[in-house]
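S.K.: only geometry, no sequence info:
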Ligand SMILES: Nc1ncnc2c1ncn2[C@@H]1O[C@H](COP(=O)(O)OP(=O)(O)OP(=O)(O)O)[C@@H](O)[C@H]1O
């Protein structure tokens, strides 16, 4: 683990009452990496992402984004972009107004903001629609607008929650291409999704969360390659195995099963 990794957690834990949504999570993501964050429903993915984006405070443990503690919202927030599953965009605004509004919240100087917005609209092929109301946009156009607003201040780390869900194949492809492009420019991407082919295509490294714990971590190749037999399995098979509810697996999930870990 590099000390200056753009995302780093140390025994990160979030409790709600007696229940731990995220337990003792320790991992890091290196600069320019796409980290695919997987886990069944209720595993703690959103809670982890909310802690990393300063929307909820850890109960214990620590996390750093771009070297700043997530407990210090003001220090962290300028370094990160966040595309939540249900992005906050206002239907009554035009795309450009929405982006100018977000750039204002980010305190970007006006001329710099307009230039950056113009550049991103062109790149996302939305320039011709920028002055139409968002209420007239397709789901794919809304998602592209939401992605631009996460990128408008040129963050170091981009957090994406189910970025392609509900999109038609063409719009989903556009979003995947954009993730590849920002990674190529050195941005670090934390990608939470249920869609395994998206992870297989994009992720340099994968972490699988189950019941709040990291139960597997590694490159997609290292997770799917069975060292002992030389056989290959699919990421789906690995996912199902490490997140199995079978009682005989419960004990092994306590002590980080090394078969797939790291
Ligand atoms: N505000 C909250 N209060 C109480 N419990 C919560 C709260 N937020 C999340 N939880 C619980 O924490 C656990 C993890 O939830 P979380 O939403 O982080 O999972 P997830 O992996 O994102 O699931 P999904 O894939 O279904 O979105 C769940 O048991 C959930 O009920």
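M.R.: Cool, the structure landed. None of the values given here were measured: they were computed from a predicted structure.
S.K.: Which pLDDT does the model give residue 108?
M.R.: Here, the pLDDT recorded for residue 108 equals 85.
S.K.: got the buried residues for the helix or strand hosting residue 146?
M.R.: Using DSSP states H and E, residue 146 falls within helix 139-151. Residues of helix 139-151 classed as buried: 140-151 (neighbour count, 16 or more other Cβ atoms under 10 Å). In this view, the C-beta of every residue, glycine as well, is placed from N, C-alpha and C.
S.K.: The helix or strand following it pairs with which strands, and in what direction?
M.R.: Next in sequence after helix 139-151, counting helices and strands by DSSP H and E, comes strand 157-161. Here strand 157-161 has these sheet partners by DSSP bridges: strand 80-83 (parallel), strand 188-192 (parallel).
S.K.: Single out the most deeply packed of those strands.
M.R.: strand 188-192 (a mean of 25; mean count of other Cβ atoms under 10 Å).
S.K.: one step back: so which of the strands paired with strand 157-161 is nearest the ligand?
M.R.: strand 188-192 (7.3 Å; Cβ to the nearest ligand atom).
S.K.: just checking, next helix/strand downstream of that closest one?
M.R.: Where DSSP H and E defines the elements, the next helix or strand beyond strand 188-192 is helix 196-202.
S.K.: thought residue 232 was touching residue 221?
M.R.: No: at 9.1 Å, residue 232 does not count as touching residue 221 under the criterion of Cβ atoms under 8 Å.
S.K.: can you redo the buried residues of helix 139-151 as JSON lines with pLDDT and distance to residue 216?
M.R.: Below are the buried residues of helix 139-151 laid out as JSON lines (pLDDT from 0 to 100; distance: Cβ to Cβ, whole Å):
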{"residue": "140", "pLDDT": "88", "distance to residue 216": "32"}
{"residue": "141", "pLDDT": "90", "distance to residue 216": "36"}
{"residue": "142", "pLDDT": "91", "distance to residue 216": "33"}
{"residue": "143", "pLDDT": "89", "distance to residue 216": "29"}
{"residue": "144", "pLDDT": "90", "distance to residue 216": "32"}
{"residue": "145", "pLDDT": "93", "distance to residue 216": "34"}
{"residue": "146", "pLDDT": "93", "distance to residue 216": "30"}
{"residue": "147", "pLDDT": "91", "distance to residue 216": "28"}
{"residue": "148", "pLDDT": "92", "distance to residue 216": "33"}
{"residue": "149", "pLDDT": "93", "distance to residue 216": "33"}
{"residue": "150", "pLDDT": "93", "distance to residue 216": "27"}
{"residue": "151", "pLDDT": "92", "distance to residue 216": "30"}
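S.K.: quick revisit: taking strand 157-161 as reference, get the angle to the helix holding residue 146.
M.R.: For helix 139-151 against strand 157-161, the angle by axes from the mean of the first three to the mean of the last three Cα atoms, to 10 degrees is 150 degrees.
S.K.: Return the list of helices and strands in contact with helix 139-151.
M.R.: Helices and strands touching helix 139-151, by 3 or more Cβ pairs under 8 Å, 6 or more residues apart in numbering; DSSP states H and E, are strand 80-83, helix 95-105, helix 110-123, strand 157-161, helix 169-184.
S.K.: Can you pull the phi and psi angles for residue 44?
M.R.: Main-chain torsions, residue 44, degrees, to the nearest 10: phi 120, psi 10.
S.K.: so what's the residue in the chain sticking out farthest from the centre scoring on pLDDT?
M.R.: Centroid-distance maximum for the chain: residue 229 at 32.8 Å, with Cα atoms, centre = their mean. Note on residue 229: pLDDT of 70.
S.K.: Repeat that for residue 238.
M.R.: 85.
S.K.: and if you look at residue 26?
M.R.: So residue 26 comes in at 95 (pLDDT).
S.K.: Enumerate the residues of the stretch 51-200 of the chain near the ligand.
M.R.: Counting by Cβ under 6 Å from any ligand atom, the stretch 51-200 of the chain comes close to the ligand at no residue.
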